[in-house]
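Novice: give me coordinates for this.
(chains A and B)
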Amino acid sequence: DGGITQSPKYLFRKEGQNVTLSCEQNLNHDAMYWYRQDPGQGLRLIYYSQIVNDFQKGDIAEGYSVSREKKESFPLTVTSAQKNPTAFYLCASSRIGGEVGYTFGSGTRLTVV
Amino acid sequence: QKEVEQDPGPLSVPEGAIVSLNCTYSNSAFQYFMWYRQYSRKGPELLMYTYSSGNKEDGRFTAQVDKSSKYISLFIRDSQPSDSATYLCAMRDTGGFKTIFGAGTRLFVKA
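Specialist: Prediction:
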């Protein structure tokens, strides 16, 4: 079955550590996105990529970094510069043009300990 | 002011009730209007979308868009306990790439 796989489901980070969240899709979608979800705030866009080796900052990119070396993969690194990283992180993908809407992964819950 | 406003609820209804979920928005350039359903600790899934104004029906779900009032609605008929979830509205313009999401309304349907 086609879909998006996010791992791990739960992640704990110590203060000052960088952590990387994995996102893999087998839908042959060109575009991929990372969102952060906090209670009462909806989804906020961190980074997005429309093509391999290219990506753009979203609304809250500070303290995060991404790479897009393969069409299927779009990992997100939460760096120590992100002061409030505890949140639910969602990866999504979509075709460019035509189809409306995103396919989301199941999310990664990151907690700072 | 946020571009998309959505009452976070929670909204609690008895099984079989008609549910009305709503969003307002400020950007008149929005043309695509989407509704996602999100179960607890899961990613959102696209329920349905409409383009520009009008209604769209899919089974027990009906989406309405009133562009003159900048107001969109999702109606759920004969609600079931399995409909208990958070419902997020989302929208974007025709040429744009970025989708703006509402905060989501949490719905509980009691058996």
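
Novice: quick check: the residue of chain B nearest chain A.
Specialist: B:G43 (3.3 Å; CB to the nearest CB). Yep, even glycine has a C-beta here, placed from its N, CA and C like the rest.

Novice: around that residue, how many other residues sit close by?
Specialist: A count of nearby residues for B:G43, using other CB atoms under 10 Å in any protein chain shown, gives 22.

Novice: now the helices: where do they sit in chain A?
Specialist: Assigned by DSSP state H, the helices in chain A number zero.

Novice: separation between the residue of chain B closest to chain A and B:E57?
Specialist: Computed as CB to CB, to the nearest Å, the B:G43 to B:E57 distance reads 25 Å.

Novice: go on, B:Q64?
Specialist: Distance, B:Q64 to B:E57, using CB to CB: 10 Å.

Novice: pick out whichever of the two has more residues nearby.
Specialist: B:Q64 (18 against 12).

Novice: who's that one bridged to?
Specialist: Applying DSSP bridges to B:Q64 gives these bridge partners: B:N55, B:S73.

Novice: contacting residues around it?
Specialist: Shown in contact with B:Q64 (CB atoms under 8 Å, 6 or more residues apart in numbering or on different chains): B:T50, B:G54, B:N55, B:I72, B:S73, B:L74, B:F75.

Novice: if we go to 10 Å?
Specialist: B:20, B:22, B:33, B:50, B:53-57, B:71-75 (CB atoms under 10 Å, 6 or more residues apart in numbering or on different chains).
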